[in-house]
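Trainee: For reference, the sequence and a predicted model appear below.
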Amino acid sequence: QVQLVESGGGSVQAGGSLRLSCAASGRTFNPFAMDWYRRAPGKDRDLVARFMWITGNTNYTKAVEGRFTISRDRAKKTVYLQMDSLNPEDTASYYCREDDAVRDYWGQGTQVTVSS
């Protein structure tokens, strides 16, 4: 069983930055991809960024392209989401997800609040 623990959320003013971390522990960690999702108040949980573990390719939802960067530290089994130029529309709970091509695992989420 893989456990994912997110950290790094908080409150920031518009234009500011935050870096989220997602640390994996437990059984052998060998994902197909690692994702960051977010759920804004009253909305569905949406994919924000994806990191393909073998190739290193990344994908972003259009709303965050050029502002967010997903990266990893393989040795630490950690995935990061660097978020720059934050705006109030980025306010949401952010979740880390591991996709091992058979099933997925989710973290508990971390709250990001951006004030104008």
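Mentor: Received, thanks.
Trainee: Nearest the geometric middle of the protein, what residue?
Mentor: The structure's the chain has its C-alpha centroid closest to W36; by C-alpha atoms, centre = their mean the separation is 2.9 Å.
Trainee: who does it bridge with?
Mentor: W36 has these beta-bridge partners by DSSP bridges: A49, C96.
Trainee: show me what contacts it?
Mentor: 20, 22, 47-50, 70, 79, 81, 94-97 (C-beta atoms under 8 Å, 6 or more residues apart in numbering). Heads up, the C-betas are built off the backbone N, CA and C, glycines and all.
Trainee: need those in TSV with pLDDT, can you?
Mentor: Below are these laid out as TSV (pLDDT from 0 to 100):
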residue	pLDDT
L20	98
C22	98
L47	98
V48	98
A49	98
R50	98
I70	98
V79	98
L81	98
Y94	98
Y95	98
C96	97
R97	97
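Trainee: Now which of those residues would you call buried?
Mentor: L20, C22, V48, A49, R50, I70, V79, L81, Y94, Y95, C96, R97 (16 or more other C-beta atoms under 10 Å).
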